[in-house]
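Undergrad: Coordinates only, no sequence provided:
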C-alpha cells in the first residue's frame, strides 16, 4: 500500500513507473470504448471512494473513468452528506469506516490538516486530488502529456509558468522540477512569487528554478508554457485588484512568440482572463489532450497505490 499525497515525498523512480504504465495503457486502448474494461482488468472488484470538498470536473470524471476502465467501481461522497460535518462523527472514525468499505480513498479538500489527519487514521491508500498547497495528480499527468507530445524527457526541456506563483499547481510543478531535474522559469508579479520555504527546499535539492518579474524574459526559449486562473477556487482576495495586478501577465500571442516555435501551451482549467482566446484555441494549445490524459495517469496512480505496478 502506498499513498499519493505530495510529489516531494515520492521517489522519482516511482513517478517514472507511473508515467511508463500510463503510456502503455493508453496505447492499448486505441480500439476500446470509454467504458470498456482493460483486458487485464487489474482492479476487478476494487472500490474507489472519492470525497469532494471543492468543486471538480476533470478530477471527478478522470478518477471515475480510471477505476471503471481498470475493472473496479467508484462511490462519490460529499462532506455535507456525512456525519463528519453534521452528526459530530470524528474524522478518525470516518477514516476507519472508509477503510472498511473501500480499497482506496481520493480526497479533494480545502484543508491540509484534514488531509494529514485522514492519512494518519486511514488503513487504505489515500490520493490527494487537490489540496490548498498541492495538486500532484494534475502535475504528474501534465508531465506525461508533455513527454508524449515532445517525444523526449522533460529534463531536456525548458518549462515556463506565467501567473500566480502562490497556488497548489505551481507548488507541485516546483516539486516536480526538482524530482525530474528540468528548468523552470516562473513569470509573475513580485508580490506573487513562490513561498520562500518552498524555494529554499528546491535550492537545497539542486532545483533549477528561475524567477522573473518580466513575462517576456520568463517565456524566452520555452518549450512549454503553463498558466492557471488568476482567481483560484475559494480565493479570499480583492478580485478586481488581483486581476489588475496580473494584467501584464496574460498569455497572449506576443508571449508565445517569445518561446520556441513549437512551444505548447497548457492550462489545468477552468480558464479566466489569464490567457487570450487566440492562444487558448490556437495551434500551440494542447489543453484538451492535457485534460484527457488525466484518465490514463489516474489509472496508473491507482495501480501504484494498490501495489499493482
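TA: It's in. Keep in mind that what you see is a predicted model, and the values were worked out from it rather than measured.
Undergrad: which secondary element of this protein has the worst mean pLDDT?
TA: Between all helices and strands in the chain, the lowest mean by mean pLDDT, DSSP states H and E belongs to helix 239-245, at a mean of 91.
Undergrad: what sits up against that one?
TA: 189, 191, 192, 230, 231, 235, 273 (C-beta atoms under 8 Å, 6 or more residues apart in numbering). (Glycine included, C-beta is placed from N, CA and C.)
Undergrad: Buried ones in the lengthiest helix in the chain, by neighbour count?
TA: Secondary structure of the chain per DSSP state H: the longest helix is helix 287-305. Going by neighbour count (16 or more other C-beta atoms under 10 Å), the buried part of helix 287-305 is 287, 290-305.
Undergrad: Next: stretch 268-275.
TA: 268, 274, 275.
Undergrad: Just name the closest of these to residue 255, please.
TA: residue 275 (9.3 Å; C-beta to C-beta).
Undergrad: could you measure that closest one against residue 174, distance?
TA: Counting by C-beta to C-beta, to the nearest Å, the gap from residue 275 to residue 174 is 21 Å.
Undergrad: Could you do residue 33 as well?
TA: For residue 33, the distance to residue 174 - C-beta to C-beta - is 38 Å.
Undergrad: Which of these two has more residues huddled nearby?
TA: residue 174 (26 against 6; other C-beta atoms under 10 Å).
Undergrad: before we move on, what SS does the more buried one have?
TA: Counting by DSSP: H, G, I helix; E, B strand; the rest coil, the backbone at residue 174 sits in helix.
Undergrad: wait, it sits on residue 185?
TA: No. With contact defined as C-beta atoms under 8 Å, residue 174 does not count as touching residue 185 (11.6 Å).
Undergrad: quick one, what contacts residue 117?
TA: Residue 117 sits next to 91, 92, 95 when contact means C-beta under 8 Å, 6+ apart.
Undergrad: is it fair to say it lies in a helix?
TA: Yes. Assessed with three-state DSSP, residue 117 lies in a helix.
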